[in-house]
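Sequence plus predicted model, see below.
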Amino acid sequence: MGPSGAAATSTKVDAKIVIGQDATTGQEISVDLEELLATRLLVQGNSGSGKSHLLRRLLEESAGRVQQVVIDPEGDFVSLADHFGHVVVDGAAHSSAEIATLAARTREHRASVVLALEGLDVEQQIRCAAMFLTALFDAPREHWFPVLVVVDEAQMFAPAVAGEINEDTRRMTLSAMTNLMCRGRKRGLAGIVATQRLAKLAKNVAAEASNFLMGRTFLDIDMLRAADLLGMERRQAERIRDLQRGCFLGLGPAISRRPISVKIGAVRSGSKGAVATLVPPPSAPPEEMEALLRSELASAAAERPAAPPPPPPSPHSQDPERLAERIADFETATTEPSDETQEGQQDQDSSIDAILRELADEPDCTFQPASSLYQMFLSRCRARRISSRGLDMTGFRRSFAVAVARLDSLDPDSRAHILQLGTTVDDDLLAPFLTIAKAAAEGFSSPDEDELARVYGTNSPGRIRRLLDHLEKKGLITVRDDFGGGRTIAVPGVEAAATSD
């Protein structure tokens, strides 16, 4: 029997864990894990308030009692592996498809995992975490075991505003975080999100938590929002500013029915961060310290990677006559493309189409999340050193639908006509519509429910019936059920289809 089967038959464990003491009375304060799994937790605290220490205490005390997954943007929690056997997954060392597969296996085998993202830039961290969370959420029903999902620095992964990240990335990560906090409970996912500032965290993510641990914060907007969540009067919000490091105000069905002040207890595993206490500098004489800095400076500098080249000079700083020549050259190049440029563009388009066909030919491709498929597409483009043709998520979904429907077998005129008819079809319905229209154009039998289910990415016959009803109500198709049990689907503007058996 595998790990998941063995765990499923384990004996009942104690649901209470101690996270600290009441700051006033010294009485132990515990968290009910079973209640936490059903109600989720929100942690807020400025940098230096002890937020990461709180999360570490919570993880250490619950280790071995419930599966844990930690989304760790700074690599602060990798030390859990040394003490509690967590598996560290380095996000920078894996492709998007591997990340999704690792997440699926995490749920299947009930492994406690730390997803370490410190080797990636911010946008890559967000996309990697979103794909991992999405794959956790999309796990099959037989793997819906309870798991604590801790997301540190949650304002990165569920931002209230777009900021500097790509809009597609923001939609992708908000969808993953919303699924975790809003819909994850029925799938066994208990979200624990920690943020430095409530004002930067998307409200629909924060609003789903029923338990709160609020640490020190100084901005009025964050204090007032924290006080509202704790059910405190606004004049009491100043109390949040006066909290000591490592002290939090707690409230919720898993903690306490009334706000209490909790001083978080000690931890065993340590952070890799800098020491927060004073450390005197070395007492070496100035000449010795200077020698240490300058020793073999040239050879050490030669070993460092070369700096990137400086940016080109501003056009405003160039000679006016030369600038006019460059503008004229650019206009000529853009209005009169060379044969080589046109051939290169055609080769690139063919390579893009080939990658889309490869993805469409993979088994059960339509059952995978669009975000995972998009990441696989971008990875294959990078591997072959070709541009992704500027396809965003929306453009990719529509191009992928064309590949799934196999429209490349039609003549160019029929293909263009069907694509024109599909411009008003929603992205998620485009593949089945194009499949129906292609069969009609070729004079073949209407696609059966199995074929439509394959291109639509579902195993539910009811969803196919609702799909056909929806397309018919929009005037995109007409459906006629025959007395013999067959079905005829016609597409207005396309040659009538033959009757299916």
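Sure thing, it's come through. Fair warning: this is a prediction, and the values are worked out from it, not measured in the lab.

alpha carbons only for contacts and neighbour counts from here, please
Noted.

Which of the helices or strands spans Ala111?
Using DSSP states H and E, Ala111 is not contained in any helix or strand.

Quick check: the nearest residue to it once chain neighbours are set aside vs Glu60, distance?
Sequence neighbours aside, Gln67 is the residue nearest to Ala111 in space, at 6.5 Å (criterion: Cα to Cα, 6 or more residues apart in numbering). Relative to Glu60, Gln67 is positioned 12 Å away (Cα to Cα, to the nearest Å).

next one: Glu28
Taking Cα to Cα, one finds Glu28 at 16 Å from Glu60.

One more: Gly119?
25 Å.

Among the two, which residue is more densely surrounded?
Glu60 (18 against 15; other Cα atoms under 10 Å).

Can you verify the more buried one is assigned to a strand?
No: read with DSSP: H, G, I helix; E, B strand; the rest coil, Glu60 is helix and lies in no strand.

From Ile29, how far out is the nearest residue to it once chain neighbours are set aside?
Nearest non-adjacent residue to Glu60, counting by Cα to Cα, 6+ apart: Val267, 7.3 Å away. Separation of Val267 from Ile29 (Cα to Cα) stands at 15 Å.

and Ser414, how many residues sit next to it?
So Ser414, with other Cα under 10 Å, has 17 neighbours.

Just say helix, strand or coil for it.
Using three-state DSSP, the structure places Ser414 in helix.

residues contacting it?
Ser414 makes contact with Ala441, according to Cα atoms under 8 Å, 6 or more residues apart in numbering.

those helices in the stretch 301-450 of the chain, which residues are they?
Assigned by DSSP state H, counting those that start in this stretch, the stretch 301-450 of the chain shows helices spanning 320-335, 339-361, 370-383, 393-404, 412-421, 430-442, 449-456.

mind checking how far the fifth one is from the chain centre?
By that I understand helix 412-421. Chain-centre distance of helix 412-421: 35 Å, with Cα atoms, centre = their mean, to the nearest Å.

What residues sit buried inside that helix?
Of the residues in helix 412-421, 414-415, 418-419, 421 count as buried by neighbour count, 16 or more other Cα atoms under 10 Å.

between those, which is closest to Val193?
Leu419 (43.4 Å; Cα to Cα).

residue contacts, the closest one?
By Cα under 8 Å, 6+ apart, the contact set of Leu419 is Leu434.

Show the model's pLDDT score for Ile17.
Per-residue pLDDT puts Ile17 at 92.

Now name the helix or strand holding it.
strand 16-22.

how about the nearest residue to Cys182, chain neighbours excluded?
Nearest non-adjacent residue to Cys182 (Cα to Cα, 6+ apart): Glu208, at 6.1 Å.

give me the number of residues near the one you found?
18.

Now do the same contact list for Arg239.
By Cα under 8 Å, 6+ apart, Arg239 has no neighbours at all.

Check which helix or strand it maps to.
helix 238-241.

now Leu148
Going by DSSP H and E, Leu148 is part of strand 147-151.

now Glu35
Going by DSSP H and E, Glu35 is part of helix 33-39.

helices and strands around that helix, which ones?
Using 3 or more Cα pairs under 8 Å, 6 or more residues apart in numbering; DSSP states H and E as the contact test, the elements touching helix 33-39 are strand 189-195.

which strands and helices sit next to whichever helix or strand comes after the strand it packs on?
Toward the C-terminus, strand 189-195 is succeeded by helix 203-206 as the next helix or strand (DSSP H and E). Under the contact definition 3+ Cα pairs under 8 Å, 6+ apart, helix 203-206 sits against helix 167-178.

ok so, going back, show me what the strand holding Leu148 is packed against.
strand 67-72, strand 189-195.

Give me the sheet partners of the first one and which way each runs.
So the one you mean is strand 67-72. Take DSSP bridges as the rule and strand 67-72 pairs in its sheet with strand 113-116 (parallel), strand 147-151 (parallel).

same check, this time on the longest one
As defined by DSSP bridges, the strand partners of strand 189-195 come to strand 41-44 (parallel), strand 147-151 (parallel).

Any chance you could list what contacts the shortest one?
Contact partners of strand 41-44, identified using Cα under 8 Å, 6+ apart, comprise 51, 191-198, 206, 209-215.

which parts of that strand are buried?
41-44.

And those, which is closest to Val149?
Closest approach between those and Val149, by Cα to Cα: Leu41, at 10.2 Å.
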